[in-house]
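A.B. asks: Only the shape, not the letters, is given here:
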């Protein structure tokens, strides 16, 4: 392939594909079919872009007019351009304004299963009945049901007699959990809920706090009020706060809330060491590192874990957000937290099941890590001291261990961003950044490449709203 053609390709589809270097490599490999690298390149690009886009590029080989390729890419690879969102009804906005702490129950059966229905409803769960025998287009019906009632965390129960249509769709597309038939013999809610927790993998949420008491309250309140995932634990690690946060957490600890632990450090251990204290406490199959300067939305955990459950090659995923320095940042339309939940639900509904594959890194304002990755890569590197580059470092280690990383387009977390580092003077900020960049480059024998945004997003995007 000529250099002019490569430059032309790079110029016109840079923002339509995740990694132009890999696209060029595929084209170059196709010139020599004996090249042993072609198998790896093709496999990588197919995962990276999706089968349809990959097949189109593979067919082109310089023969199909490039403008036709661009037109098809724009329609196929539509995560790259933020799509219009469906408007929400007044009923949906009302639903989203309420707490969402109990997972929903979807019963797919031609029987009503009265006992199970009563037990879940008495304990605050919404129960939805779907009789597949009376529905012509089950997929369309389920899509309407899920969207209308803002369902994000849900279990599925059947009567155990048939392989009902729609079950696989709810599990595969939405990441809902099919519960085994043993629940049909149980009579009490405690027993039903116990079975659900055994069927669903535990997720450990680690939140590191350091001062900013009011922001800490917003973050923890949002977790407790917006997380209906059936099986999670919350680990709060205070990093030597001196503004009343430690005292507030001590009172919170005294409440003895189930599945919640609080760990105190007498001094600021830094980002990595502080999070590591939480990671070592974690019991979950998945570990979430969540900044204290965040506010989560409905379905944020399920949006991430379903991708890690589905794709064994994935080692970590993160959420999309309003404010960060990489591809996770998207354009939002709200200007205060009261508008966050409707936007988050609309956006994630439009992008259910979608991934932004192979960002340069995951920013650890919110990242979910497989337990097996922690077992192979260890905890966060503490050589970066107070902060900067721990997330770049762990992404590098994860990739070296043979895993890939991605951003879940169906999980949204609001990020106030860098409240601790914002208090540093500019010269100290730059000094700390440069020191840790040098550590990173020496450790991995590579030159650090600045993070990038997705198409149409830049540093100033969303700056007219809350930060």
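C.D. replies: Nice, I can see it. Quick caveat, the model's predicted, so the values are computed rather than measured. Numbering: from 1, shown residues only.

A.B. asks: C-alpha only now, for contacts and for neighbours.
C.D. replies: Noted.

A.B. asks: Residue 244: neighbour count?
C.D. replies: Using other CA atoms under 10 Å, the number of residues around residue 244 comes to 13.

A.B. asks: Hmm, residue 209 and it touching each other?
C.D. replies: No: Residue 244 is not in contact with residue 209 according to CA atoms under 8 Å; the separation is 11.4 Å.

A.B. asks: where does the stretch 201-350 of the chain have low pLDDT?
C.D. replies: Counting by pLDDT under 70, the stretch 201-350 of the chain contains no low-confidence residues.

A.B. asks: which stretches of it form helices?
C.D. replies: Counting by DSSP state H, counting those that start in this stretch, the stretch 201-350 of the chain has helices at residues 213-226, 245-254, 271-281, 300-310, 340-350.

A.B. asks: any chance of those in CSV, with distance to residue 293 and mean neighbour count too?
C.D. replies: CSV is the format used below for those (distance: least, CA to CA, whole Å; neighbours: other CA atoms under 10 Å):
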stretch, distance to residue 293, mean neighbour count
helix 213-226, 6, 18
helix 245-254, 13, 15
helix 271-281, 13, 21
helix 300-310, 16, 22
helix 340-350, 15, 22
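
A.B. asks: Nearest to residue 192 among those helices would be which one?
C.D. replies: In terms of CA to CA, the element of the helices of the stretch 201-350 of the chain nearest to residue 192 is helix 300-310, at 20.3 Å.

A.B. asks: chain center to that closest one: distance?
C.D. replies: Centre-to-centre, helix 300-310 and its host chain are 7 Å apart (CA atoms, centre = their mean, to the nearest Å).

A.B. asks: give me the number of residues near the residue lying closest to residue 219 once chain neighbours are set aside?
C.D. replies: In this structure, residue 219 finds its nearest non-sequential neighbour in residue 295, 4.9 Å apart by CA to CA, 6 or more residues apart in numbering. Residue 295 has 25 neighbours, counted by other CA under 10 Å.

A.B. asks: I'd say residue 133 and residue 111 touch.
C.D. replies: No: applying CA under 8 Å, one finds residue 133 not in contact with residue 111, separated by 10.5 Å.

A.B. asks: Any figure for the gap between residue 202 and residue 300?
C.D. replies: 15 Å (CA to CA, to the nearest Å).

A.B. asks: Over to residue 246?
C.D. replies: Computed with CA to CA, the distance linking residue 246 and residue 300 is 27 Å.

A.B. asks: How about residue 237?
C.D. replies: Here the criterion is CA to CA. By it, residue 237 lies 21 Å from residue 300.

A.B. asks: Next secondary structure element downstream of the longest strand along the chain?
C.D. replies: Counting by DSSP state E, the longest strand found in the chain is strand 404-415. Next helix or strand after strand 404-415 toward the C-terminus (DSSP states H and E): helix 426-444.

A.B. asks: which secondary structure elements does that next one contact?
C.D. replies: Counting contacts by 3 or more CA pairs under 8 Å, 6 or more residues apart in numbering; DSSP states H and E, helix 426-444 packs against no other helix or strand.

A.B. asks: buried stuff in that helix?
C.D. replies: Buried residues in helix 426-444, counted by 16 or more other CA atoms under 10 Å: 432, 436-437, 440.

A.B. asks: what's it in contact with?
C.D. replies: By CA atoms under 8 Å, 6 or more residues apart in numbering, the surrounding residues in contact with helix 426-444 are 384, 387-389, 393, 421, 447-448.

A.B. asks: per the record, what domains does this structure have?
C.D. replies: What automatic domain parsing lists as the domains of the chain is 3-76, 90-198, 201-444.

A.B. asks: Quick check: end-to-end length of the second one?
C.D. replies: Meaning domain 90-198. Chord length of domain 90-198, first to last residue, is 36 Å (CA to CA).

A.B. asks: gap between it and the chain center?
C.D. replies: Centre-to-centre, domain 90-198 and its host chain are 23 Å apart (CA atoms, centre = their mean).

A.B. asks: And for stretch 433-452?
C.D. replies: The answer for stretch 433-452 is 25 Å, by CA atoms, centre = their mean.

A.B. asks: Could I get the average pLDDT for that stretch?
C.D. replies: Stretch 433-452 carries an average pLDDT of 92.

A.B. asks: That stretch: end-to-end distance?
C.D. replies: So stretch 433-452: terminal residues 17 Å apart, CA to CA.

A.B. asks: The residue nearest to residue 219 bridge partners, please.
C.D. replies: Bridge pairing for residue 295 (DSSP bridges) gives the partners residue 414.

A.B. asks: Please report the distance of it from residue 362.
C.D. replies: Counting by CA to CA, the separation of residue 295 from residue 362 is 18 Å.
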